[in-house]
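# got a structure for you, letters missing:
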């Protein structure tokens, strides 16, 4: 199997399941309400902020894969929209799932020879580095989301 297809599969698995960690983004958010998504736990980011942050890089990198410019900047990666109800929260997630599926498809179509090319500019690293970085970044913050979720649930059970 081509490396680009393997990378696409790994991204798909962290978002939708089937990896050996048995943890994925979609299942983790499935039972999170908008109240939980917005709940602040100590000095930690909210689940909404982390969800937006994870997907910010997927969306911005996908634009480069489609021939666009790299316009995302780290300083804006937590500037999430205000989401007030469960319908808006679900719509936010649905858009995210659709956009990551499109990105996964773009990765699958990427010629392996392109993986060692610089993405946008040399300072941003290669396509390979960016794809693996997004996979690692998603796993990292997914772990945070799951810990915050457990804290919120445990506090509700105690109350």
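Here it is on my side, so go on. The structure displayed is predicted, hence computed values, not measured ones.
# would you mark the buried spots in stretch 19-39?
19, 23-25, 28-29, 32, 34, 36-39 (16 or more other CB atoms under 10 Å). All C-beta spots, glycine's among them, are computed from the backbone N, C-alpha and C.
# before we move on, what about stretch 116-134?
So, applying 16+ other CB under 10 Å, buried residues of stretch 116-134: 119-120, 127-128, 130-132, 134.
# now do stretch 102-120
Buried residues in stretch 102-120 (16+ other CB under 10 Å): 103-104, 106-108, 110, 115, 119-120.
# low-confidence stretches in the protein?
1, 159 (pLDDT under 70).
# quick one: the helices in it, in order.
Counting by DSSP state H, residue ranges of the helices within the chain are 3-16, 25-29, 34-38, 47-65, 86-109, 127-158.
# mind putting those helices into TSV with distance to residue 75?
Listed next are the helices of the chain as TSV, based on distance: least, CB to CB, whole Å:
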stretch	distance to residue 75
helix 3-16	25
helix 25-29	24
helix 34-38	22
helix 47-65	11
helix 86-109	21
helix 127-158	16
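# please work out which of those is packed deepest.
helix 47-65 (a mean of 20; mean count of other CB atoms under 10 Å).
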